[in-house]
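Visitor: From the sequence below, what's the structure:
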Amino acid sequence: MQIFTAQLPLPTNYLYGDFFAFHLRDQHNVAEIVEENTLHKGIIWQQHATKMTLELKKQQATISLAIDSPSIIINEQDLLTLAQHVLGLKQNIDEFEKRYLETPILGQLIEKQRGLRIYQSASAFEALVWAIIGQQISVHAAIAIRRRFIQVVGIQHASGIWCFPDVPQVRLVDDEILRQTGFSKGKIIALRALCDAIENQQIDLSQHVTHSNANQITEQLLQIKGIGPWTVSYALLRGFNYLDGSLHGDVAVRRNLQTLLAKLEQPSAKETEKWLEQFSPWRALVAAHLWRSQSAAGY
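Guide: Just a heads-up that it's a prediction; the model follows:
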């Protein structure tokens, strides 16, 4: 086993508690383990089981990768890029807060939650699979399916932690195994189609998503059977650091918007979409603020 380590600074307003709350959603500690100020997460790096460790101290993060391979070499920049991604440090939230902090209603929410950013899945593929799993079911049910999926389809690191599977692992298992983990027929179709699109290079998950190419990758993802607008917007938010997806169809967003606006009835998806439009190109970050208003682990 090889271990590679690097350090990077953290903003003064970084929300350490929220970062760990996100990774504590599954209390079974199968693929993510939180110990005080440290996260251990199983990932597959260059097709090898790897334990990623992120230790957060005041204004400093230390990332380590322990790889089950004697031959893999990692340079420091790769480590720093991975840490910046997972920690959500590639998001220009300072500009967002400066622009909207003084606005009525939303400004009050931002003031309570300054420093909020979107913590990322380790890879865009993980974010997309999580979004597929979470379609039209509760977060609790999705977490249970994700756990079983990781244990059945993923690989185990020498430390014992399970690593979220990548495309080759998924392609090795048959549909019956996926059904046993809790995948519906529709979700199996979506997962298979996603893996095929990646394998056939019809979609490139390594690309950097910006406002100039967001529509292009959105259309590519929407061509995949079983993937709809909510799945795309959530995956772009959680796996690509893209903050302008419109999550107007999300039940929690609509419910918390009702509270924020003090309305007697929950806004419809269309009404929520119209309300979010005024905050482009930050619509998904606004949605995250609405999620966070009720739970640190819920966004």
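Visitor: For D244, give me the pLDDT.
Guide: pLDDT, D244: 93.
Visitor: Over to Y299?
Guide: 53.
Visitor: Strands of the stretch 1-150 of the chain, start to end?
Guide: Here the stretch 1-150 of the chain has its strands, by DSSP state E, counting those that start in this stretch, at 2-9, 32-35, 38-45, 48-57, 60-67.
Visitor: So for the longest one, what gets flagged as buried?
Guide: Spelled out, it's strand 48-57. Across strand 48-57, burial judged by 16 or more other CB atoms under 10 Å covers H48, A49, T50, K51, M52, T53, L54, E55, L56. All C-beta spots, glycine's among them, are computed from the backbone N, C-alpha and C.
Visitor: do the shortest one as well
Guide: Along strand 32-35, the positions that meet the burial threshold by neighbour count (16+ other CB under 10 Å) are E32, I33, V34.
Visitor: who touches the second one in this structure?
Guide: If a contact means CB atoms under 8 Å, 6 or more residues apart in numbering, then I33 has L39, H40, K41, I161 as its contacts.
Visitor: Could you tell me how many residues sit around the second one?
Guide: When you say that, I think you mean H40. 21 (other CB atoms under 10 Å).
Visitor: Quick check: the closest residue to it other than its chain neighbours vs L87, distance?
Guide: Distance criterion CB to CB, 6 or more residues apart in numbering; nearest residue to H40, sequence neighbours excluded, is I33 at 4.3 Å. Separation of I33 from L87 (CB to CB, to the nearest Å) stands at 17 Å.
Visitor: who touches stretch 231-241?
Guide: 85, 88, 90-91, 118, 120-121, 123-128, 130-132, 134-135, 190, 205, 208-209, 214, 217-218, 221-222, 242-243, 245-247, 250, 284, 287-288.
Visitor: Show the low-confidence segments of the stretch 151-299 of the chain, by residue range.
Guide: By pLDDT under 70, the weakly predicted segments of the stretch 151-299 of the chain are 295-299.
Visitor: ok, which stretches of it are strands?
Guide: 155-156, 162-163.
Visitor: Any idea how many residues pack against the closest residue to W230 other than its chain neighbours?
Guide: Once flanking residues are discounted, W230 sits nearest to G249: 5.0 Å by CB to CB, 6+ apart. G249 has 16 neighbouring residues, counting by other CB under 10 Å.
Visitor: Please apply the same query to L194.
Guide: 25.
Visitor: now swap in L79 and tell me
Guide: 20.
Visitor: can you tell me which residues contact the residue nearest to it when sequence neighbours are not counted?
Guide: Once flanking residues are discounted, L79 sits nearest to A6: 4.0 Å by CB to CB, 6+ apart. Residues near A6 by CB under 8 Å, 6+ apart: T62, I63, E76, L79, L80, A83.
Visitor: Can you flag the buried ones in these?
Guide: Buried among the contacts of A6 (16+ other CB under 10 Å): T62, I63, L79, L80, A83.
Visitor: Test for you: state the pLDDT assigned to the fourth one.
Guide: Translated: L80. 97.
Visitor: That one against L8, yeah?
Guide: Yes. Look at L80 against L8 with CB atoms under 8 Å: they come within range, at 5.5 Å.
Visitor: which residues are common contacts for those two?
Guide: Joint contacts of L80 and L8 (CB under 8 Å, 6+ apart) are I63.
Visitor: Run through the helices of the stretch 101-250 of the chain in chain order.
Guide: 106-112, 124-133, 139-153, 167-172, 175-181, 185-199, 214-222, 229-239 (DSSP state H, counting those that start in this stretch).
Visitor: still on that earlier bit, Serialize the buried ones among the contacts of A6 to CSV and add fields for distance to F19.
Guide: CSV is the format used below for the buried ones among the contacts of A6 (distance: CB to CB, whole Å):
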residue, distance to F19
T62, 14
I63, 13
L79, 18
L80, 17
A83, 12
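Visitor: Between which two of these is the distance greatest?
Guide: T62 and L80 (11.1 Å; CB to CB).
Visitor: Okay then, goodbye and thanks.
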